[in-house]
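Asker: one predicted model, sequence on top.
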Amino acid sequence: MIRRNRILRTSPAIRAMVAETILTPANFIAPLFVVEGKGVKEEIASMPGYFRHSLDGTVQEAKELWAMGIRSVLLFIKCADELKDNKGTEALNPDGLMQRAIKAVKDAVPGMVVMTDVALDPFSIYGHDGIVEGEEIVNDATVEVLAQMSLSHAQAGADFVAPSDMMDGRIGAIRDILEENNFTKTGIMAYSAKYASCFYGPFRDALDSAPGFGDKKTYQMDYANAREALRETLMDVDEGADIVMVKPAMAYLDIIRLIKDSVTVPVSAYHVSGEYAMIKAAAKMGWINEEKAILESLTSIRRAGADLIATYFAKDAVRLLNQ
Ligand SMILES: NCc1[nH]cc(CCC(=O)O)c1CC(=O)O
Ligand SMILES: [Mg+2]
């Protein structure tokens, strides 16, 4: 018996017939960076081709994404320095930039699934994801603010809140406050296995949110660990997460697979800013082909088990898939 495996690779038609992994626009979550102002469009230096937009441009982006078949955006805001404090007070402002952004996108594109970042770092004078006491990022007081913040986003019309902070117990606290206030249709996408990663560098440039002291290793996970990711994720599912997330993506494909095989909720992966920047930089140098690198990267993340991918390449990928 001879098995000629190459038969199934003979032509593009056959390869397409037997492809095990398929990318579609609805798999993508497009992150959007929002700034105050009008007509503002600022390119992020370490993320060439990616921009911070004021509300008008954000709405325009959301419309374009929708027209391309992308069904979800993940909102991040850049908070003005003078509004930052230790407790993220501005994060709870019902008329804050995030709350206005949620309303603006929902008004313009009602079908769009609007997800919101829930964490203190853009609002923190220390650039940390929680309240700082001495040198410590305190857990329980932070969780209370995160719950209030989630409620505020739900009140503004968010479809999903996406806590990206890695405090213990915040998923349960968020679910409770949503229930208590009758937000029974608001989803939680939990950053369950978020690693302390150097690949977030460009994002911190985008939001001017780099930690002012120390690092995030007392709350984000150690990249040496895999079983810990499972423990974190199973707890988030128990506490009421609707979608769980692994972050970053490319260096953590094993974690995505482990979690995919261990939970029954949808799994998302965040192809983060540094992963975007690496492809952009190498392509600019002429060392890799950008388009091929995008599709290979995103397909690998899906193959590893991600149902959804948050990626700065969402639009590029859809354009490439349509060719
Ligand atoms: N809560 C902060 C947050 N939310 C999303 C990202 C990173 C996203 C990216 O790098 O693309 C970060 C950075 C961090 O944890 O320092
Ligand atoms: Mg946890």
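Answerer: Structure's in. What do you need? Given the structure is predicted, the values throughout are model-derived calculations rather than measurements. Ligands and ions are numbered 1, 2, ... in the order given.
Asker: report all helices and strands that the helix or strand hosting Leu32 contacts.
Answerer: Following DSSP states H and E, one finds Leu32 within strand 28-34. Applying 3 or more C-beta pairs under 8 Å, 6 or more residues apart in numbering; DSSP states H and E, one finds that strand 28-34 contacts strand 47-53, helix 55-68, strand 72-77, helix 97-108, strand 308-311, helix 314-322. No exception for glycine: its C-beta is placed from N, CA and C like everyone else's.
Asker: output the first one as CSV - backbone C-alpha positions only.
Answerer: Backbone C-alpha positions of strand 47-53 (Å, rounded to 0.1, in the frame of the first residue of the first chain) are rendered in CSV as follows:
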residue,chain,number,x,y,z
MET,A,47,2.7,50.4,15.3
PRO,A,48,3.1,51.7,11.8
GLY,A,49,-0.2,51.7,9.9
TYR,A,50,-2.2,51.8,13.1
PHE,A,51,-3.9,54.9,14.5
ARG,A,52,-5.5,56.6,17.5
HIS,A,53,-8.7,58.2,16.3
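Asker: list the helices and strands it packs on?
Answerer: strand 28-34, strand 41-44, helix 55-68, helix 201-207, helix 273-284.
Asker: close to ligand 1: what parts of this structure are there?
Answerer: Contacts of the chain with ligand 1, taken as C-beta under 6 Å from any ligand atom, map to 117, 119, 121, 129, 164-165, 200, 203-204, 216, 272-273.
Asker: redo these as TSV? Include pLDDT.
Answerer: Formatted as TSV, the residues of the chain next to ligand 1 follow (pLDDT from 0 to 100):
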residue	pLDDT
Asp117	98
Ala119	98
Asp121	96
Asp129	96
Ser164	98
Asp165	97
Tyr200	97
Phe203	94
Arg204	90
Lys216	97
Val272	98
Ser273	98
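Asker: out of the residues you listed, what pair is the most spread apart?
Answerer: Farthest-apart pair in the residues of the chain next to ligand 1 is Asp165 and Ser273; separation 17.1 Å (C-beta to C-beta).
Asker: where do the helices sit along the stretch 101-250 of the chain?
Answerer: Remark: helices assigned in the stretch 101-250 of the chain by DSSP state H, counting those that start in this stretch are 139-156, 170-180, 201-207, 227-239.
Asker: which stretch in these is the model least sure about?
Answerer: The minimum mean pLDDT among those belongs to helix 201-207 (a mean of 91).
Asker: other residues contacting that one?
Answerer: 33, 44-47, 50, 52, 76-79, 121-122, 127, 209-210, 272-274, 276-277 (C-beta atoms under 8 Å, 6 or more residues apart in numbering).
Asker: which one of the helices and strands packed on strand 47-53 is the most hemmed in?
Answerer: strand 28-34 (a mean of 24; mean count of other C-beta atoms under 10 Å).
Asker: run through who's touching it.
Answerer: Outside of strand 28-34, the residues within contact range by C-beta under 8 Å, 6+ apart are 44, 50-55, 58, 61-62, 65, 70, 72-78, 97-98, 101, 115, 206-207, 268, 308-312, 314-315, 317-318.
Asker: give the pairing partners of the strand holding Leu32; include direction for each.
Answerer: Here strand 28-34 is paired, per DSSP bridges, with strand 47-53 (parallel), strand 72-77 (parallel), strand 308-311 (parallel).
Asker: now for the chain, the helix or strand with the poorest mean pLDDT.
Answerer: Lowest on mean pLDDT, DSSP states H and E among the helices and strands of the chain sits helix 201-207, with a mean of 91.
Asker: now do it: distance to the chain's middle.
Answerer: Centre-to-centre, helix 201-207 and its host chain are 13 Å apart (C-alpha atoms, centre = their mean, to the nearest Å).
Asker: next up, phi/psi of Ile294, please.
Answerer: Backbone torsions of Ile294, given as degrees, to the nearest 10, read phi -60, psi -50.
Asker: check contacts around the residue lying closest to it once chain neighbours are set aside.
Answerer: Closest residue in space to Ile294, ignoring its immediate chain neighbours: Phe313 at 4.9 Å, by C-beta to C-beta, 6 or more residues apart in numbering. For Phe313, the contact set (C-beta under 8 Å, 6+ apart) comprises 271, 276, 279, 294, 297-298.
Asker: how far away is Phe313 from Leu23?
Answerer: Distance, Phe313 to Leu23, by C-beta to C-beta, to the nearest Å: 11 Å.
Asker: common neighbours of these two, please.
Answerer: Leu298.
Asker: bridged to Ser268, which residues?
Answerer: Beta-bridge partners for Ser268, by DSSP bridges, are Met245, Leu308.
Asker: what's the local residue count around the residue in the stretch 1-150 of the chain positioned nearest to ligand 1?
Answerer: Evaluated by C-beta to the nearest ligand atom, the stretch 1-150 of the chain has Ala119 as its residue closest to ligand 1, separated by 3.4 Å. The number of residues packed near Ala119 is 27, by other C-beta atoms under 10 Å.
Asker: now do the contacts for it.
Answerer: Ala119 is in contact with 129, 146, 163-165, counting by C-beta under 8 Å, 6+ apart.
Asker: any idea how far it is from Ser152?
Answerer: Ala119 sits 13 Å away from Ser152 when distances are taken as C-beta to C-beta.
Asker: sweet, I'm off.
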